[in-house]
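Enquirer: Pasted the sequence and its predicted model underneath.
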Amino acid sequence: MKLFMDGTVESGTGFIEPLYPDGHQGIPNWDEEELTDITRKANAKGITMHVHVMGEKDGRTDGRGENTG
């Protein structure tokens, strides 16, 4: 299963840090709790998860959800 965590940088929907030049920031499609729930359900059914991340802010965690960036 592949999930798209956010949009794209080119369209201005990627979850990035720092903000886009006009001051906005894209948003993730799921919060940590939702993504954890989806992943646990997939794992319970033997489904491999792939999470596609465009904006670098989505990928900055230490594995426990703590932002490292």
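Expert: Arrived safely. Note that the coordinates shown come from a computational prediction; the quantities given were computed from them, not determined experimentally. Residues are numbered from 1 along each chain as shown.
Enquirer: Strands of this structure, residue ranges please.
Expert: Secondary structure of the chain (DSSP state E): strands at 2-4, 50-52.
Enquirer: Could you dump those into a markdown table and include distance to Gly14, mean neighbour count and mean pLDDT?
Expert: The way it works is simple: take the backbone N, C-alpha and C, and place the C-beta from them, glycine included. Listed next are these as a markdown table, based on distance: least, C-beta to C-beta, whole Å; neighbours: other C-beta atoms under 10 Å; pLDDT from 0 to 100:
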| stretch | distance to Gly14 | mean neighbour count | mean pLDDT |
| --- | --- | --- | --- |
| strand 2-4 | 10 | 12 | 92 |
| strand 50-52 | 11 | 12 | 89 |
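Enquirer: of all these, which lies closest to Asp37?
Expert: strand 2-4 (11.9 Å; C-beta to C-beta).
Enquirer: In the sheet, which strands lie alongside that closest one, parallel or antiparallel?
Expert: strand 50-52 (parallel) (DSSP bridges).
Enquirer: Could you verify my assumption that Ile38 touches Asn29?
Expert: No - here Ile38 lies out of contact with Asn29, judged by C-beta atoms under 8 Å, at a distance of 10.5 Å.
Enquirer: Quick check: neighbours shared by those two?
Expert: Leu3 (C-beta atoms under 8 Å, 6 or more residues apart in numbering).
Enquirer: and the strands of the chain as JSON lines, adding distance to Ala44?
Expert: Formatted as JSON lines, these follow (distance: least, C-beta to C-beta, whole Å):
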{"stretch": "strand 2-4", "distance to Ala44": "16"}
{"stretch": "strand 50-52", "distance to Ala44": "17"}
